[in-house]
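**Q** Generate coordinates for the sequence data below:
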Amino acid sequence: MEVSENLIDRLHNCFTGGVIHFASPIPSLRTDELDLVRGVLQMVQGLSSSLFYWDEARQRFRFKTGIYVTHLSQKSLCSLLDQFTYAGTCLQLVDLEVNKIEKSMSSSPPTLRAFACSVCQCLRRIRDVALKEEVKVNSSDGRTTPTLLGLSSSLSSLRAGAEYLMQIVRGAIPQLYFELDHNVPAADIAVHILNHLYVKLNEVCLVQGGEEDAFRMLLYVLVSSLLPYIEGLDAWIFQGTLDDPFEEMFFVANKGITVDKAEFWEKSYKPRSAMSQNLYFADFASDLLPSANVKKDMSGRESTSFSSVTGGKEANKKDFQVCPLFIKDIAKTIISAGKSLQLIRHAPMTSLLAVSSVDIENGNRIGGLTLSEVFCMSLTALIGHGDHIAKYLWQDDKLLFGSIKDMKEVEEIGISPANTQSKKFWQKLLADTLAQKSDIYSRKGAACNLKERHVAPNMIGELPQTYIPENPAITVCHGILEENRDAWSSLNISRAFYLPPLNDEGLRKAIFSDDCGPELTVKNTDYNSGFLFGELEYHRFLEDTKMLEVLLPFPTLLPSFQEDLQMSEVLPFQNNSTLPSRVLCWIQNDEPKSTPLPAVILQECLIFYIKKQADFIGRTMLSKLLDDWRLLDELGVLRAIYLLGSGDMLQHFLSVIFNKLDKGESLDDDFELNTILQESIRNSADNVLLSTPDSLVVSASKSPGFSEDDQQNASTSVSTPRKGRGQSSGMDVLDSLRFTYKVSWPLELIANQEAMKKYNQVMSFLLKVKRAKFVLDKARKWMWKDKGTATTRHKRHWLLEQKLLHFVDAFHQYVMDRVYHNAWRELCEGVAAAGTLDEAIEVHDAYLLSIQRQCFVVPDKLWGLIASRINSILVLALDFYSTQQTLSSGGAISTIKARCEKEVERIEKQFNDCMAFLLRILSVKLNVGQFPHLAALVTRINYNCFYMSDGGTLSTTPGFGTLRPA
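**A** Numbering: from 1, shown residues only. The predicted structure is shown next:
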């Protein structure tokens, strides 16, 4: 049989002379290159053919084994086909991944759904390139023959886009998500997707030349995936509502704590834990990505590896937060802003000048736009024209720009209606959006009235509102109906159709009744043959028909079909939908003028507005704290009570308590204590400070002493002074007193239970100072009775009493100056300078720490040593008082006098040792310069350098020996 010579035959004859005969290819496997081109184009679109098929086992496209063309060697043919099968495999794998998500679309979180939809759109655009090429090939006139080499050149961008799209999908949704049967928390998968896209975009924008398609694709997917997350942030920071049914946000609500609880600010909303089933999803997801720089793919060719996307992989797992990388720095600010809005909404309104929650909710949009719309608008201006419009859309001196009701300020950024030709895209977009929103708001009242949407059966005046949710066909065909008013009557239900009434009882009987006689059928179903019922039923039928016209006008109207028509182009304007849809289409179709870093994009287009709103909420919150809720007045009450600023209020109470202690009586009767306290408050000139006398309550605990004092008690054992046996309980019993003041809500968010414990701790210490001063004053009265007997012993007692009293008075004056006045002034200045409630809480915490430190009651070892000497001196004052009480009652007995003299010597020696220790320690700390408030204390207790010189040398007190350190 004669066979025509082809390239293979000629090569064979050239080298063998026609003597040696090799096995010739099977004629049935001979393939025309045009068929290969068509098969490749169909394969890229995800379709199998006789030449290319999908291998389910290996999850890849394969071409038929043994096929050949006459003008290409087998190796060259396989090399060409491998490129296309790899691209088709990438697209098919992406399609399979997206289908898995779409099958569970009802249970998938919004970010994952948005990511899948955006990837599906990118996949469709890539395959549309192959579809257009296939149409071009099939419609060719035969003069030019498509080749695989030419197809490889024309589809080079398609092949690159297919591989890159597969990398994006596999990096953003690791296989672990499907292996766990979708049990991965929504927050984990959302953060992983956003972080992956953020890092990948950061890599792409740094590559110069030829990467615009990759940048646009990745930017499109990132913006689409980010929009649901932004909508959640919008509801939170502009309305104070956590609209997160799928639990995607980086923080979670504690539903057991309501806004009126004292622990609302600290425990109501917390950062979400990253641990799910004792596994960190982000770590496992990043481990699935190839770690080598170059890795073999499924076709055996080399491709670039995926980059790691887990931003927090190197971080400690204990500190991991389920929060996107780009908002982690302002995560706390975002949580505080929403909580502040809730407080403003629920807190009582007591000032006419205060800003209400209604004012904030009425002005909760930037330029009348939602946060996602502003993000898309700013993004368009930034990457399309290099314009930074954030400072124009939100200015510091006003809440909104471009109010819906007043559009005059739009001209400030070149969006005047007269300047339509020279507008940039983002300017046209903003002008159209504001105009559409203005039209919607102007017809908002009319849209709510059902009668205004009524279409009369005989004379149709006007169409219903532009947007009818219950009838999308009317919404879409609104313009067509306006252009064809003559056809309205033919579309009218009552004239063109005969419909049964809304009451279908007769129809149901005709269908389901056992009696199928002709009379029943004619009577209840033939509405076109005389209407065999009475006049009343007939009028009711007409009313039902009219009601149907109102509820469903033009029911047979169908919109015309258009290929690739976006819903945003058909439906009227909708928030968070129309504008973002137009921007996403613009990203896909237009070349970006610049490719800024994702950090710059998110800072300019998103974070800026979040911070502005948070600052505005913070200023509003501080305004209400200071003006409406009177924070400083409430803190002033706490200052007057717990820092003993109002001596008149507790003067009677302390006098009675101290006298009871002198008599050895116990303080374990809470009823008696509160009776004395209420009597003291009622008889005080400062009783107006309290809203009600019973708002301050005192109680005696069974085990006196604060838990923080354990370290002080431990440090006391280091010192040498010992306490008196009988009188130590007189000082320690004051630790058992607990004063409880009911702080009004919401100020109890600042002065919470922990803060009240610190206030009580400081008050307990100040009560000991008051007690020491009280007993020394009583001792002085007894000593004045014996002033006629001026002996050496009396002079010694007088000098010791003066030294003790000087120390107590000096320390008390130091407390009043530093704690009561200076610390309070710093608190007022700090609260006035605070910008948020968190900052106000921090200022108050710093104030408490300051007064604790200045009263030496902080849990610190050195401070405990200083406090132990001070407490020892206060106890010595009580010992001295007991000694003088003994001398005044039974001082004539010589043995009692001798015992008292020894006790006075002990008190004097311990006092001198404590003073020497205090002055040395305080001087060392002064030299360091860390605590300047100690200078005031040293100056007061070492008045005129009585105990220690300026050079730090301890002085010798005449008649009492040399002071020496303990």
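
**Q** Please tell me how far Arg127 sits from Ser701.
**A** If you measure Arg127 against Ser701 using CB to CB, to the nearest Å, the figure is 77 Å. From N, CA and C alone the C-beta is placed, and that goes for glycine too.

**Q** Those two: who's more crowded?
**A** Per other CB atoms under 10 Å, whichever of Arg127 and Ser701 has more neighbours is Arg127, with 20 against 13.

**Q** What pLDDT does the model give that one?
**A** Confidence per residue is given as pLDDT, and for Arg127 that number is 93.

**Q** wait, it sits on Gln42?
**A** No. Arg127 is beyond contact range of Gln42, at 10.4 Å (criterion: CB atoms under 8 Å).

**Q** Flag the shaky bits of the stretch 351-500 of the chain, pLDDT-wise.
**A** Counting by pLDDT under 70, the stretch 351-500 of the chain contains low-confidence residues at 351-365, 367, 395-422, 439-471, 492-500.

**Q** For the stretch 751-900 of the chain, just list every one of the helices.
**A** Taking DSSP state H, counting those that start in this stretch as the test, the helices found in the stretch 751-900 of the chain are 753-785, 792-814, 823-833, 837-854, 861-890, 894-928.

**Q** Could you tell me which ranges of the stretch 851-966 of the chain sit under the pLDDT cut-off?
**A** Using pLDDT under 70, the flagged stretches of the stretch 851-966 of the chain are 890-892, 924-933, 943-966.

**Q** now do 50
**A** Low-confidence segments of the stretch 851-966 of the chain, defined by pLDDT under 50, are located at 927-928, 957-966.

**Q** With the stretch 651-800 of the chain instead?
**A** For the stretch 651-800 of the chain, the stretches with pLDDT under 50 are 704-729.

**Q** rerun that using 70 as the cut-off
**A** Low-confidence segments of the stretch 651-800 of the chain, defined by pLDDT under 70: 687-688, 691, 702-730, 785-791.

**Q** Which parts of it are strands?
**A** Secondary structure of the stretch 651-800 of the chain, counting by DSSP state E, counting those that start in this stretch: strands at 696-700, 737-741.

**Q** need those in CSV with mean neighbour count, can you?
**A** Putting the strands of the stretch 651-800 of the chain into CSV (neighbours: other CB atoms under 10 Å) gives the following:
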stretch, mean neighbour count
strand 696-700, 17
strand 737-741, 17
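
**Q** and Ala846, which of these is closest to it?
**A** Between Ala846 and the strands of the stretch 651-800 of the chain, the shortest gap by CB to CB is with strand 737-741, which sits at 20.9 Å.

**Q** what's that closest one packed up against?
**A** Contact here means 3 or more CB pairs under 8 Å, 6 or more residues apart in numbering; DSSP states H and E; on that basis strand 737-741 packs against helix 631-642, strand 696-700, helix 753-785.

**Q** how about the residue lying closest to Asp809 once chain neighbours are set aside, what does it touch?
**A** Of all residues not flanking Asp809 in the chain, Lys773 sits nearest, at 7.0 Å (CB to CB, 6 or more residues apart in numbering). Taking CB atoms under 8 Å, 6 or more residues apart in numbering as the criterion, Lys773 is in contact with Leu805, Val808, Asp809, His812.

**Q** Number of residues surrounding Asp188?
**A** When counting by other CB under 10 Å, one arrives at 23 neighbours for Asp188.

**Q** Could you check how far it is from Leu112?
**A** When CB to CB is applied, the distance between Asp188 and Leu112 equals 11 Å.

**Q** which of the helices of the stretch 751-900 of the chain sits most buried?
**A** Stretch with highest mean neighbour count among the helices of the stretch 751-900 of the chain: helix 861-890 (a mean of 21; mean count of other CB atoms under 10 Å).
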